[in-house]
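Undergrad: can't give you the sequence, but here's the structure:
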């Protein structure tokens, strides 16, 4: 009787396996970098609109720099990847351009 109960228990454990799935909130680092680059492109596009106020330009600049730094932090986590540093440089250039635009607007 005890052997039968043990066999039944083993069958239940083996037969009822759980599917374990790793939670993926933000996706892979490559996907996140691509997302950051798309956000930067959208902000760059908005920044070319001629009728932006100085406050709008400076808000875009601040957001651009935040995203650029997030992207560069991800790049820094992969020092073996030679394709990523240029992406960080481009993001920081976008930040600098936005900051220049904000500063020029404020100085008028």
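TA: Perfect, I can see it now. What you see is a predicted model; the values in this text were computed from it and never measured.
Undergrad: what sits up against stretch 100-108?
TA: 47, 54, 57-58, 60-61 (Cβ atoms under 8 Å, 6 or more residues apart in numbering). Glycine gets a C-beta too; all of them are placed from N, C-alpha and C.
Undergrad: which ones among those residues lie within helices?
TA: Using DSSP state H, the subset of these located in helices is 47, 54, 57-58, 60-61.
Undergrad: out of the contacts of stretch 100-108, which end up buried?
TA: 47, 57-58, 60-61 (16 or more other Cβ atoms under 10 Å).
Undergrad: okay, who's weakest in the residues you listed by pLDDT?
TA: Of all the buried ones among the contacts of stretch 100-108, residue 47 has the smallest pLDDT value, namely 87.
Undergrad: hang on, the earlier thing: between all of the ones in helices among the contacts of stretch 100-108, which two are separated the most?
TA: The span of those, defined through Cβ to Cβ, is set by 47 and 54 at 12.3 Å.
Undergrad: this protein: helices as residue ranges?
TA: Counting by DSSP H, the helices of the chain are 2-15, 29-47, 54-76, 85-107.
Undergrad: for the closest residue in space to residue 81 that isn't next to it in sequence, give me its contacts.
TA: Nearest residue to residue 81, sequence neighbours excluded (Cβ to Cβ, 6 or more residues apart in numbering): residue 75, at 7.7 Å. Residues in contact with residue 75 (Cβ under 8 Å, 6+ apart) are 33, 81, 84-85, 87-88.
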